[in-house]
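S.K.: Okay, predicted coordinates and the sequence, questions at the end:
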Amino acid sequence: MKLPGILSMIQMGSGLIFAIPLGLIGFEFLTAGRTVFGVGFLLVAAAMLLLPEYIVRRVGSPRDWVLGLLPFRRGD
């Protein structure tokens, strides 16, 4: 199992800073009976946490993009 690096931890922390309040607002809307807005806010909060990780795993990190643009690779 690969442990997350410091940049991954910073990314997750910054995502949580914005996603937690949005999730709390969504929960508050759900308990107040405004279901559509509550679910919408919760979905946006979940997307804020899950999409960056999915994109990095699926597409690759910016470091991979830069190394892909170089005419040589390390170890050649």
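M.R.: Yep, it's here.

S.K.: And the strands in the chain, which stretches?
M.R.: Taking DSSP state E, the chain contains no strands at all.

S.K.: can you give me the helices in it?
M.R.: With DSSP state H as the criterion, the chain has helices at 6-31, 35-59, 62-69.

S.K.: Next, the angle from the second one to helix 62-69.
M.R.: Note on geometry: by axes from the mean of the first three to the mean of the last three CA atoms, to 10 degrees, helix 35-59 and helix 62-69 are set 40 degrees apart in direction.

S.K.: Only the buried residues of helix 35-59, if you could.
M.R.: For helix 35-59, a neighbour-count test (16 or more other CB atoms under 10 Å) marks 38, 41-42, 45, 48-49 as buried. C-beta coordinates here come from the backbone N, C-alpha and C atoms, glycine included.

S.K.: nearest to Ser8, of these?
M.R.: Taking CB to CB as the measure, Ser8 lies nearest Leu49 of the buried residues of helix 35-59, at 12.4 Å.

S.K.: Assess the claim that that closest one and Leu16 are in contact.
M.R.: Yes: between Leu49 and Leu16 a contact is recorded at 7.1 Å, counting by CB atoms under 8 Å.

S.K.: thinking again about what came up before, present the helices of the chain as JSON lines; the columns should include mean pLDDT.
M.R.: What follows is the helices of the chain, written out as JSON lines (pLDDT from 0 to 100):
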{"stretch": "helix 6-31", "mean pLDDT": "91"}
{"stretch": "helix 35-59", "mean pLDDT": "88"}
{"stretch": "helix 62-69", "mean pLDDT": "72"}
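
S.K.: Which residues are in contact with Pro52?
M.R.: By CB atoms under 8 Å, 6 or more residues apart in numbering, Pro52 lies in contact with 11, 15.

S.K.: tally of neighbours for the residue nearest to Gly60 when sequence neighbours are not counted?
M.R.: Excluding the flanking residues, the one nearest Gly60 by CB to CB, 6 or more residues apart in numbering is Gly68, at 7.8 Å. Neighbours of Gly68 under the rule other CB atoms under 10 Å: 9.

S.K.: Please apply the same query to Met12.
M.R.: Around Met12 there are 15 residues (other CB under 10 Å).
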